[in-house]
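I would like the atomic coordinates for the input below:
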Amino acid sequence: MMRFNRGITSVILVFLFLVISGVRPAAAMVYLDITSADLIQMPVAVPAFINKKNPDKITGKGRRMADLAGRALTLHGFISIVPAKSYAEGRSVNWRKAGADFVMLGSYNRDKSGMVLEIRFVDLSNKRMIVGKRYHTSWSKGSMAIRKFCDEVIYKLSGRRGISNTEIAFVSDRSGYKEVYVADILSGKARQITRHHSITVSPRFTPDGRRLVYTSYHRGNPDLYITNLAQSKFTRALSWRKGLNLAPSWAPDGKTMLITLSKDGNPDIYLLTASGRIIRRITRNDGINVSPSWAPDGRHFAFVSDRSGTPQIYTMDIKTGITTRITYQGAENTTPAWSPSGTEIAFTGRVDNTHQIYIINAQGGQAEQLTRYWGDYESPSWSPDSRQLVFSRQRGGRKELCRIFIKGHKVIPMFKNLKGNQTFPQWSPRLPY
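Prediction:
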């Protein structure tokens, strides 16, 4: 695996131009696999943003802007931030001696519309500006502009869009009841979505990220609800059929969803419209069939069935009904989550009396165990760039959310300051800036 060499970082983004006589030139963009476990992180300096009217004064606002940018960059796993003490927060600095290979320089000013924000991301090995942007925005939306810029940097370096403007939905018992919350990925600030004073499980974002579906027991039956995240008071029931109405999975186009119903006795998977009307029953009494997860192609889905005698992961072509078992290791494999890239499926597997996180090729094969630590790890959900998974970890009596890079295997606790136990995480799609 190629590594980053200090001073030769321009290898990150390479353009290959193949010119053949008589043929129109073609260009191919080649990126390194920046999520590889043995890849050295890129050191980036992000000094405090400066006010153009008073550039020599370091302010709390400028520090907060730089801190947000630093967190947005490091979220993606292949960037480390050079401590500000290494260069005394100044700008007349030999950045290379301070330990940086790249520097992000930001400034802001007022105009009639609100704020003018200018940011540059520079490769210090050749003094080349990789990304430079000027944003005209309101002061309240300045943080969105910073996230947008950082995601542009991530795209230029890796070829995949950044994920700094995403959220995590989860269930917490911090109020004394199991309610749904949504937390910002960078700040960890959480807002309570449901107030049913009961048990709520399995929150799922719609593909546009604007609404959330979940199952609540507050009327005595596990019924399915949908709420508008912009107007959390707008909540309505989607499916309140007798028995289970559980664990929905939206089709990529947002027009239909798969859900587990037990209205006819056996828990089976049904295809519903976005308004909750049943289109057809997908599985029929061949064991217990639960936990559907759509593939991004909109044609296949993964699910759990015990038709072989133990819970295992299967995939199905929804048009032909052709079903394939893909897990054979272990006696209990559950909670499949199909990656946005379409190539892999994450799931929870039971091994040595603990639950651990695995991934497997969507076509089947040998599963890879990602977590190998004390505790139980369950309910994986993919980041929109397919580089990370969020899941719930239980150690002792405490349940918290953690994330892991699929090629790094380091478990990173999230939202440490949130009270209560946290379960059933779901990573949002990329949200509008």
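
contact partners of stretch 169-182?
Residues from elsewhere that reach stretch 169-182, judged by Cβ atoms under 8 Å, 6 or more residues apart in numbering: 167-168, 183, 190-201, 203-205, 212, 214, 229, 392, 401, 418-426, 428. For glycine as for every other residue, the C-beta is placed from the backbone atoms N, C-alpha and C.

Would you mind listing the buried residues in that stretch?
With burial defined by 16 or more other Cβ atoms under 10 Å, the residues of stretch 169-182 counted as buried are 169-172, 177-182.

Repeat that for stretch 241-261.
For stretch 241-261, burial by neighbour count (16+ other Cβ under 10 Å) applies to 241, 244-251, 256-261.

where's the dip in pLDDT among these?
Ranked by pLDDT, those bottom out at Ala247 (85).

quick one, phi/psi of Gly62?
Dihedral angles phi and psi of Gly62 (degrees, to the nearest 10) take the values phi -60, psi -40.

out of the buried residues of stretch 169-182, who's nearest Phe347?
Nearest to Phe347 among the buried residues of stretch 169-182, counting by Cβ to Cβ, is Phe170 at 18.4 Å.

so what strands line up beside the helix or strand hosting the closest one?
Per DSSP states H and E: Phe170 is located in strand 167-172. According to DSSP bridges, strand 167-172 forms sheet pairs with strand 179-184 (antiparallel), strand 422-427 (antiparallel).

Please name whichever of those is nearest to Pro292.
The closest of the strands paired with strand 167-172 to Pro292 is strand 422-427. By Cβ to Cβ, the value is 14.1 Å.

could I get the closest one in PDB with only the CA atoms?
Extracted C-alpha coordinates of strand 422-427, given in PDB (Å, rounded to 0.1, in the frame of the first residue of the first chain):
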ATOM      1  CA  GLN A 422     -28.000   5.100  23.500                       C
ATOM      2  CA  THR A 423     -29.100   2.400  21.100                       C
ATOM      3  CA  PHE A 424     -30.500   1.800  17.500                       C
ATOM      4  CA  PRO A 425     -28.200   4.300  15.700                       C
ATOM      5  CA  GLN A 426     -29.000   5.400  12.200                       C
ATOM      6  CA  TRP A 427     -26.600   7.600  10.100                       C
END
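
Contacts for that strand next, please.
166-172, 178, 201-205, 378-379, 381-384, 390-392, 399-401, 415.

Narrow those residues to just the buried residues.
166-172, 178, 201-205, 378-379, 381-384, 390-392, 399-401, 415.

From those, which land in strands?
Among these, the members falling in strands (DSSP state E) are 167-172, 201-205, 378-379, 381-382, 390-392, 399-401.

if I read this right, Gln394 contacts Thr371, doesn't it?
No: at 11.9 Å, Gln394 does not count as touching Thr371 under the criterion of Cβ atoms under 8 Å.

Please compare the two by neighbour count and tell me which comes out ahead.
Thr371 (25 against 16; other Cβ atoms under 10 Å).

Give me the spatial nearest neighbour of Ile226, chain neighbours excluded.
Sequence neighbours aside, Val213 is the residue nearest to Ile226 in space, at 4.8 Å (criterion: Cβ to Cβ, 6 or more residues apart in numbering).

Burial check on that neighbour, number of neighbours?
Counted with other Cβ under 10 Å, residues neighbouring Val213 total 25.

now Ala346
Residues contacting Ala346 under the criterion other Cβ under 10 Å number 28.

Distance of it relative to Ser308?
According to Cβ to Cβ, to the nearest Å, Ala346 and Ser308 sit 21 Å apart.

returning to what we had before: what separates the strand holding Phe170 from the chain centre, distance-wise?
Counting by Cα atoms, centre = their mean, to the nearest Å, strand 167-172 is centred 12 Å from the centre of its parent chain.
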